[in-house]
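Visitor: Turn this into a structure:
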Amino acid sequence: TGTIPVELSHFENLINLDFPFNEFTGTIPEEIYEMPTLKILQLYDNKLHGTISSRIGNMVNLEFLMFRENKLTGSIPSAIGQISKLVWMELVANQLSGPIPSTIGNLSVLRYLWLNSNKLSGNIPSEIGRINKLEELYLNYNQLSGPI
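Guide: The predicted structure follows:
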């Protein structure tokens, strides 16, 4: 229980922050998004709330992003398209809303994109078609519309 300690951001060489299946509450500390050495950020199955910061674009070495099964709200920041090494993005079962950012098409090495069970709306961006390595795409249980 409790919040994610801000002090974790002081580990300058940390590559894996793996805290799933805990009872963490509160928001994701902004300082976490300023950890450039992180390759794996797994905070799934907690009770985190708040938004995903646009500072996530600073995580240039991130390969695995897993925030599923929390209570995150707001939109997916367009800065997510700056994480060029991202292979797996799992934001399942939150309360994320708004459109899927078109910048997601910049994630050329992305293989797994799981955005299901949120409140995402609007069209599926055509830019997703640029993700040539994509193997799994889950968009079910949202409020998406338009052509496929």
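
Visitor: hey, where'd the strands end up in the protein?
Guide: Assigned by DSSP state E, the chain shows strands spanning 16-18, 40-42, 49-50, 64-66, 71-74, 88-90, 95-98, 112-114, 119-123, 136-138, 143-145.

Visitor: closest one to Thr25 among those strands?
Guide: Minimum separation from Thr25 across those (CB to CB) falls at strand 49-50, 7.5 Å. Just so you know, the C-beta spots here come from the backbone N, C-alpha and C atoms, and that holds for glycine as well.

Visitor: Now do the closest one, average pLDDT.
Guide: What strand 49-50 shows for mean pLDDT is 98.

Visitor: Same check on stretch 27-40?
Guide: 96.

Visitor: go on, stretch 11-18?
Guide: The pLDDT scores in stretch 11-18 average 95.

Visitor: closest to Gly57 out of the strands of the chain?
Guide: Comparing the strands of the chain by their distance to Gly57 (CB to CB), the top pick is strand 64-66, with 11.8 Å.

Visitor: is Asn16 in a bridge, and if so with what?
Guide: Assessed by DSSP bridges, Asn16 has beta-bridge partners Ile40.

Visitor: List the residues that contact it.
Guide: 38-40, 42 (CB atoms under 8 Å, 6 or more residues apart in numbering).

Visitor: Buried only: go through those for me.
Guide: 38, 40, 42 (16 or more other CB atoms under 10 Å).

Visitor: mind checking how far the second one is from Met59?
Guide: Applying CB to CB, to the nearest Å, the value for Ile40 to Met59 is 11 Å.

Visitor: quick revisit: turn the strands of the chain into TSV, columns for distance to His10.
Guide: Listed next are these as TSV, based on distance: least, CB to CB, whole Å:
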stretch	distance to His10
strand 16-18	12
strand 40-42	16
strand 49-50	21
strand 64-66	21
strand 71-74	24
strand 88-90	26
strand 95-98	29
strand 112-114	30
strand 119-123	34
strand 136-138	35
strand 143-145	40
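
Visitor: Good, wrapping up.
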